[in-house]
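J.: kindly return the folded structure for what I paste below:
(one chain, ligands or ions: 1)
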Amino acid sequence: MFRVSAFRSPPRIRPTLQANTMSVQVAVAAAVAGIGVYALYLRRNNSAQDGKPIFSSFGFHSLPLHSTELINHNTKRLRFELPDKSQASGLSLTSALLTVSFPNGGWIPVLRPYTPVNDLDEPGFVELLVKHYPGGKQSTHLHSMKPGDRLTFAPIKEFAWTPNKHAHMGLIAGGAGITPMYQLARGILRNPDDQTRVTLVWGVNTDADIFLKDEFAALEKAYPGRFKAVYVVATPDPGSPHQKGFVTKQILEKAGLNPRDEKNKDIKILVCGPPPMEKALKGAKGWMGGASKGVLAELGYRQDQIHSF
Ligand SMILES: Cc1cc2nc3c(=O)[nH]c(=O)nc-3n(C[C@H](O)[C@H](O)[C@H](O)COP(=O)(O)OP(=O)(O)OC[C@H]3O[C@@H](n4cnc5c(N)ncnc54)[C@H](O)[C@@H]3O)c2cc1C
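T.: This is a model prediction of the structure:
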């Protein structure tokens, strides 16, 4: 009897579940289609707007690719032209750009954020550094683009920075998570009204994954005592000048990011990296009490001192 009733109840439940699942699917499909149609519309409507910088307010805009440069084994610099060569993008520190594409002429849009790395006040261009993930939808599409091809963008505000908001910023990046850190470090250091110190700790897999090294070296030279970059390499080349391993408590202390130090009384930590790195740094809630505290809490950081991109 029990079995029969157990097997009889599903037919009454299933239509509701199916209806719910279908309505979610329909809603998701409608939302994706809506964004797609809007992006398609804008793809055909290039978009200088009332003399205002193009990304000073939300909206989708199509930009042509100006040039590309392969900067290491898997990362390309893509430089896009703004419609008005005399104006900067209007993006604020820090911002990303949501990219919309229709790879291989498909109908379903692919949306992914990328972080501009050229100076935000540079007129005429926005520049992205895109790491290629094999099989990755958007990164494969972006790496296949040729000068003249167009891509649709919309601005997204990220961590909002005001000059001297904190005395010291600790930027901890993993892999391609370096791009928002680079935008912020440059934005802070190049502003003569901002005296914030910046310490970058960047964890990568191999020496070949380190790009922007010359740019960071130039910042260290131009702003001695205010900027320092520390590289940590999981599998370094023989003779590599960099520390081996992952971003640990010891590495952060050695880099000068101990929150208990007097000079770190007003420090803020930003984290941007792959999920395993973020988990190691910020901890994780585990099943059955197996939670991990995370390297930053072990060092003494409070939750409100940590921000994740
Ligand atoms: C705010 C923000 C800013 C970003 N800025 C940049 C940037 O400036 N430059 C840049 O290259 N990327 C940046 N990213 C990541 C980017 O948005 C995409 O997630 C990334 O390019 C992969 O997209 P995809 O469509 O190629 O891969 P998908 O099709 O989404 O994924 C395919 C496979 O690729 C692998 N993969 C995807 N993403 C990652 C990852 N982050 N780490 C490890 N493996 C991964 C996985 O195996 C996944 O299964 C940023 C992300 C965020 C949230």
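J.: for the ligand, what's its nearest residue on this structure.
T.: Proximity of the chain to the ligand (C-beta to the nearest ligand atom) peaks at Gly136, 2.3 Å away. For the C-beta atoms, the positions are set from N, CA and C on the backbone; glycine is no exception.
J.: that residue and His143: what is the separation?
T.: 9 Å (C-beta to C-beta, to the nearest Å).
J.: which of these two has more neighbours?
T.: Set side by side, Gly136 and His143 show more neighbours around His143, with 18 against 15, by other C-beta atoms under 10 Å.
J.: so that one lies in a helix, does it not?
T.: Yes - applying DSSP: H, G, I helix; E, B strand; the rest coil, one finds His143 inside a helix.
J.: so for it, what's the pLDDT?
T.: Here, the pLDDT recorded for His143 equals 98.
J.: pretty sure it sits against Val130.
T.: Yes - using C-beta atoms under 8 Å, His143 is in contact with Val130, at 6.7 Å.
J.: so where is the stretch 1-150 of the chain shaky, pLDDT-wise?
T.: Within the stretch 1-150 of the chain, the stretches with pLDDT under 70 are 1-49.
J.: show me which residues of the stretch 1-150 of the chain are close to the ligand?
T.: Taking C-beta under 6 Å from any ligand atom as the criterion, the stretch 1-150 of the chain approaches the ligand at residues 96, 112-115, 128-131, 133, 135-139.
J.: now swap in the stretch 151-300 of the chain and tell me
T.: Counting by C-beta under 6 Å from any ligand atom, the stretch 151-300 of the chain comes close to the ligand at 158, 176, 179-180, 274.
J.: repeat that with 5 Å
T.: Residues of the stretch 151-300 of the chain found near the ligand (C-beta under 5 Å from any ligand atom) are 176, 179, 274.
J.: for ChimeraX, what selects the buried ones among those residues?
T.: Here is the ChimeraX selection string for the buried members of these, based on 16 or more other C-beta atoms under 10 Å:
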select :176,179
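J.: neighbouring strands - and their directions - for whichever strand or helix holds Leu111?
T.: Element membership for Leu111 (DSSP states H and E) is strand 110-114. Strand 110-114 has the following strand partners under DSSP bridges: strand 95-101 (antiparallel).
J.: may I have stretch 302-309 as PDB, with CA atoms only?
T.: The C-alpha trace of stretch 302-309 is given here as PDB (Å, rounded to 0.1, in the frame of the first residue of the first chain):
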ATOM      1  CA  ARG A 302      37.800  41.700   9.800                       C
ATOM      2  CA  GLN A 303      35.100  40.900   7.200                       C
ATOM      3  CA  ASP A 304      34.600  44.600   6.500                       C
ATOM      4  CA  GLN A 305      38.300  45.000   5.600                       C
ATOM      5  CA  ILE A 306      38.000  42.600   2.700                       C
ATOM      6  CA  HIS A 307      36.300  43.100  -0.600                       C
ATOM      7  CA  SER A 308      36.000  40.600  -3.500                       C
ATOM      8  CA  PHE A 309      35.600  41.600  -7.100                       C
END
